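1. A structural model of the following input is requested.
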Amino acid sequence: MDIRAYWKLDFTREKMTLWAGLAAFVLAVCFGSPAHANKLKVAAVLNSPVDHQWVSRVHVSLLKARDRGEIDYLLAEAVAASDTIRVIREYAEQGAELIVAESYTVEREARDLAKEYPKIKFLLASSLPPDGTNVAVFDNWNQDAAYLGGILAGSITKTNKLGAVGGMAIPEINRLIGAFREGACTVNPKVQMLVSFVGGFYNIPADKEAALAQIESGADVIYAERFGANQAALEKKKYAIANLMVQDKAYDAAVITSALWNAEPMFDAAIADVKNGKFAAKDYGREYGSYVIGGSALAPLGEWEKKLPPDAVRAVKEAEAKMKAGTLKATIFQNKIDSGPCPK
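-> Next up, the predicted model:
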């Protein structure tokens, strides 16, 4: 057979397949694989290990984006506060296009650094507002879920004393504990709150000790904004409402539910905005953290639904339906929540 005849324009299936394969090969060699052509280089600088509650939500969300082929993901975990700025700068110099970082302890320094790299987008976990054109902020806006947890706690307490163990009295935590108290007080105005702040974000023994002291003072349901409080509830056979994530099954005997933070909608939006040139200096956490769009949720009650008083379950479900419809929202409490009775 004359080889020249074979390569005449003949649109048989075999030849079209051959041509398509050759074209794909040439494109891949010249321009890279299409699946990787639009990957965004994202770096995360996190002050706690990725098995920590809050940090895990950030890490898991970015892992999902990486696994979908949308980003190249660089991670620095358990970074000391004194090293945060240095590590952020290293990622900026390495060509990161979006840097996600905790900036609570270096708020001003992080913003000053961002000004040195105006083409890089920064998404900072922060208590301060956005800044300039390239600094957006975020945090967990799961206070609506905490409110529902409060309804449940206020409905089932037998002592009318509820505990809450938080990391620090910053706005991000104040609004969770405030929402928990608000939910509890709507169904039980006799509630007395016992509130403790342990002064940090990753001190499980201190969390546990604070919760044990609250239990000793009569609290029979604990809002475990900090993980170690779950351990205290389990040890003392009390109840806990966990925070941010579904707890390990080892805690099933104590943890009834959790005020979940589903961070994926927020990070997906920020990544898409950077890619599309629409990234803005705004609060991504607040915009994408609502109950309506699934940014926060109360974890399913599971087997607990059969164990809890029907009135308690009904109260939670009725309030949750309103939150899903956007007709009910928890009040935003910015200031420190102190121990004491329901506000008048």
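2. contacts, neighbours, all on C-alpha from now
-> Will do.
3. if you go through this protein in chain order, where are the helices?
-> Here the chain has its helices, by DSSP state H, at 3-6, 13-31, 53-67, 84-93, 107-116, 143-156, 171-187, 204-216, 228-235, 264-275, 284-288, 304-307, 310-325.
4. angle of the fourth one against helix 107-116?
-> Here helix 84-93 runs at 20 degrees with respect to helix 107-116, directions being taken by axes from the mean of the first three to the mean of the last three Cα atoms, to 10 degrees.
5. Provide a list of residues in contact with the nearest residue in space to residue 56 that is not next to it in sequence.
-> With sequence-adjacent residues excluded and distances taken as Cα to Cα, 6 or more residues apart in numbering, residue 56 is closest to residue 50, at 4.8 Å. By Cα atoms under 8 Å, 6 or more residues apart in numbering, the contact set of residue 50 is 56, 59, 77, 78.
6. If we only consider these, which is nearest to residue 236?
-> Proximity of the contacts of residue 50 to residue 236, judged by Cα to Cα, is greatest for residue 56, which lies at 26.9 Å.
7. Retrieve the pLDDT associated with the closest one.
-> pLDDT for residue 56: 95.
8. doesn't residue 49 make contact with residue 55?
-> Yes: between residue 55 and residue 49 there is a contact at 7.0 Å, judged by Cα atoms under 8 Å.
9. So between the two, which is more surrounded?
-> Ranked by neighbour count (other Cα atoms under 10 Å), residue 55 and residue 49 place residue 55 first, with 19 against 16.
10. picking that back up, who wins for most neighbours among the contacts of residue 50?
-> Neighbour tally across these (other Cα under 10 Å): the maximum, 21 neighbours, falls on residue 59.
11. Tell me who's in contact with residue 257.
-> Neighbouring residues of residue 257 by Cα under 8 Å, 6+ apart: 149, 240, 241, 242, 246, 298, 299, 300, 301.
12. pLDDT check: weakest of the residues you listed?
-> If you rank those by pLDDT, residue 246 sits at the bottom with 91.
13. Quick check: chain neighbours aside, which residue is closest to it?
-> residue 258 (6.1 Å).
14. Next, work out how far apart the one you found and residue 178 are.
-> Distance, residue 258 to residue 178, using Cα to Cα, to the nearest Å: 16 Å.
15. Then residue 40?
-> Residue 40 is 38 Å from residue 178, by Cα to Cα.
16. do residue 166 as well
-> In this view, residue 166 and residue 178 are 11 Å apart by Cα to Cα.
17. is residue 137 in a bridge, and if so with what?
-> Residue 137 has these beta-bridge partners by DSSP bridges: residue 124, residue 283.
18. So it versus residue 70, what's the distance?
-> In terms of Cα to Cα, residue 137 sits 21 Å off from residue 70.
19. returning to that earlier point: so what's the residue nearest to residue 246 bridging to?
-> With DSSP bridges as the rule, residue 258 is bridged to residue 242.
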